[in-house]
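J.: Pasted the sequence and its predicted model underneath.
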Amino acid sequence: MLPASIQITGELLSAAEVQDICESLKEDSVRLLSVRGCQLSDRDFGRVCRSVAESRSLAQLNLNLGVVSSISRTRHLADALKTNRSLQTLFLHGSPLLDAGLVTLNPALSTHPTLVCLDLGDCMLGDEALGLICGMLPPDGAKSGLRELTLSANPGISSKGWARLAIAVAHSSQLRVLNLDYNPLGDQIAGMLAVAVASSRTLEVLDLEGTGLTNQSAQVFLDMVENYPTSLRVLVLSENDISPELQQQICDLLSEGEEDDDREAPSQVPGPASSSALLPIRDKYQPIRDKYQPPIWLPHSSKG
């Protein structure tokens, strides 16, 4: 039987429902588990984590919107990740982790053998946490690291912290997608990120929506994509004080580069272990509109 998915949103989970989830995980019949915004007791959360630890099929775990609500739950999750060896994608968007939570999770996150996609948006993180996250973006020649990282809406991170991230991105050997939307970055940090993008050989998507940028930042990015080779294919600049004309110019140049690459590159068929087998379900931070973004990837069957 092909691994299925369990996707539940905003429900109060009973002990019986949690038992069903745990049994499915232990039977290795679940590839995606999403309990975003759900309420369950601390005891039941611990049971789910122990089952996650045992699962050999689980590839994507979505605990968005406050499910990891305390340091004790963070410890349960850290223990599960230390044992689990199958997880590729972890979503903790909207969890009040704080720096202390990242300190607790870091040993498990940084040594997990298959984790490539991590969403820590709106987790109330600061510079200490960001320093640990930079360690998950190892430089060229080092161990493999994250391919997709989301840090949306973490206003507690300082300019110094963002500068450190820019350096890590410039030297990362794996990172392809970086979501920094709704952080108060400003033009100075955007300039550092432009340098990081120009240096990176892998970064393809950079989301800077609602980050306090102006035409000054847009001109820097325009000059970069117009005059220098880059792997960047998507640059999101909406909800900033940037003229539509500049945004369109950048978009057109990036599109031209993508078309050139498509003509030059031989066609590739991703294998079963390819990261493209799992595309993320991201809770993109939107202060007015509904946060939830519908799933891009759907598994073979559904339960729950």
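T.: Arrived safely, thanks for sending.

J.: When you work out contacts or count neighbours from here on, use the C-alpha atoms and nothing else.
T.: Fine.

J.: Quick check: pLDDT value at Leu178.
T.: If you check Leu178, the pLDDT there is 97.

J.: again but with Ser144, I slipped
T.: Here, the pLDDT recorded for Ser144 equals 73.

J.: got the contact list for Ile21?
T.: Ile6, Val48 (Cα atoms under 8 Å, 6 or more residues apart in numbering).

J.: so Gln247 touches Val234, yeah?
T.: No. Here Gln247 does not reach Val234: they are 11.3 Å apart, not a contact under Cα atoms under 8 Å.

J.: which residues touch Gln57?
T.: One thing to correct before we go on: residue 57 is Ser, not Gln. Shown in contact with Ser57 (Cα under 8 Å, 6+ apart): Pro3, Leu25, Asp28, Ser29, Val30, Arg31, Ser86.

J.: what helix or strand is the second one on?
T.: With elements taken from DSSP states H and E, the one containing Leu25 is helix 15-26.

J.: gap between Asn183 and Glu239?
T.: In this view, Asn183 and Glu239 are 12 Å apart by Cα to Cα, to the nearest Å.

J.: Sorry, wrong one. I was asking about Glu27.
T.: Going from Glu27 to Glu239 by Cα to Cα gives 45 Å.

J.: quick one: low-confidence ranges for the stretch 1-150 of the chain?
T.: Residue ranges of the stretch 1-150 of the chain with pLDDT under 70: 1-3, 140-143.

J.: how many other residues sit next to Arg36?
T.: 25 (other Cα atoms under 10 Å).

J.: same thing with Gly121?
T.: 29.

J.: Is it correct that it is in contact with Leu97?
T.: No. Using Cα under 8 Å as the test, Gly121 is too far from Leu97 to be in contact (10.3 Å).

J.: who has more neighbours, Asn183 and Glu239?
T.: Using other Cα under 10 Å as the criterion, Asn183 and Glu239 rank with Asn183 on top: 21 against 14.

J.: List the contacts of the more buried one.
T.: Applying Cα under 8 Å, 6+ apart, one finds that Asn183 lies in contact with Ser152, Ala153, Asn154, Pro155, Gly210, Thr211, Gly212.

J.: let's go with 6 Å and repeat that
T.: Neighbouring residues of Asn183 by Cα atoms under 6 Å, 6 or more residues apart in numbering: Ala153, Pro155, Thr211.

J.: now the residues you listed as JSON lines including distance to Ala108, pLDDT and secondary structure?
T.: Output for the contacts of Asn183, formatted as JSON lines (distance: Cα to Cα, whole Å; pLDDT from 0 to 100; DSSP: H, G, I helix; E, B strand; the rest coil):
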{"residue": "Ala153", "distance to Ala108": "24", "pLDDT": "97", "secondary structure": "coil"}
{"residue": "Pro155", "distance to Ala108": "25", "pLDDT": "97", "secondary structure": "coil"}
{"residue": "Thr211", "distance to Ala108": "30", "pLDDT": "97", "secondary structure": "coil"}
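
J.: can you pick the most crowded of the residues you listed?
T.: Going by other Cα under 10 Å, Ala153 tops those with 27 neighbours.

J.: Look up how far Val68 lies from that residue.
T.: Relative to Val68, Ala153 is positioned 17 Å away (Cα to Cα).

J.: Which positions in the helix or strand Ser5 falls within come out as buried?
T.: For Ser5, the host element (DSSP H and E) is strand 4-7. Within strand 4-7, the residues that count as buried by 16 or more other Cα atoms under 10 Å are Ala4, Ser5, Ile6.

J.: I'd assumed Asp119 was in contact with Thr150.
T.: Yes. With contacts counted by Cα atoms under 6 Å, Thr150 reaches Asp119, the gap being 4.6 Å.

J.: okay, these two: which has more neighbours?
T.: Asp119 (27 against 23).
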